[in-house]
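K.L.:
got a predicted structure here, sequence first:
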Amino acid sequence: MSEDGDNIVMETFSVEEIINKLVFHIIGHAGEARGKVFDAFDKIKEKDFESAEKLLEEAQEEIIKAEKYHMILVKKEAKDPGSLPFSLLLVHAEDLMIIAMSELDLMRKFLEFFKNEYKK
């Protein structure tokens, strides 16, 4: 076992196994975020803005978790370029994460708009 704590995991699992474990965390958290964003949209339609805001905050927390796992891979690649093999699953996870971020940003705009419209 290496004295370098960062390498302990690398010695226990193959690179592909580690990528897959991280990728599934990214997919899971990004999917949770997207679900919360769509639930927030339902709350906006019901004019329940407080619940919508809470759901959007929860979605943001899920995205932060997804980004944490993604950053592990980004740091590994930055530290040792070319060390990570191509993974279509990782590309998919990154797509989901970026979509969740965009949907969250858009839903925040919807919330702001409809809160202002219903005040009139």
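P.N.:
Nice, I can see it.
K.L.:
for this structure, what spans make up the helices?
P.N.:
5-12, 15-45, 49-79, 88-119 (DSSP state H).
K.L.:
count of neighbours near Ile18?
P.N.:
17 (other C-beta atoms under 10 Å). Every C-beta, even on glycine, is put in place using the N, C-alpha and C of the backbone.
K.L.:
compute the distance between it and His70, please.
P.N.:
13 Å (C-beta to C-beta, to the nearest Å).
K.L.:
how about Phe113?
P.N.:
Counting by C-beta to C-beta - Phe113 and His70 are separated by 30 Å.
K.L.:
and the two? which has more neighbours close in?
P.N.:
Ranked by neighbour count (other C-beta under 10 Å), Phe113 and His70 place His70 first, with 21 against 11.
K.L.:
quick one: contacts for the nearest residue to that one once chain neighbours are set aside?
P.N.:
Spatially, and ignoring its direct neighbours in sequence, His70 is nearest to Ile26 (5.5 Å; C-beta to C-beta, 6 or more residues apart in numbering). Contact analysis of Ile26 by C-beta atoms under 8 Å, 6 or more residues apart in numbering lists Ala66, Tyr69, His70, Leu90, Ala93, Glu94, Leu96, Met97.
K.L.:
what count of nearby residues applies to the first one?
P.N.:
Each residue near Ala66 was counted by other C-beta under 10 Å, and the total is 25.
K.L.:
and the second one, by the same measure?
P.N.:
When counting by other C-beta under 10 Å, one arrives at 20 neighbours for Tyr69.
K.L.:
hang on, it packs against His25?
P.N.:
Yes: contact criterion C-beta atoms under 8 Å: Tyr69 and His25 qualify, at 4.3 Å.
K.L.:
can I get the contacts of Ile26 in a markdown table including distance to Ala59?
P.N.:
Shown next, in a markdown table, are the contacts of Ile26 (distance: C-beta to C-beta, whole Å):
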| residue | distance to Ala59 |
| --- | --- |
| Ala66 | 11 |
| Tyr69 | 16 |
| His70 | 16 |
| Leu90 | 22 |
| Ala93 | 17 |
| Glu94 | 17 |
| Leu96 | 13 |
| Met97 | 12 |
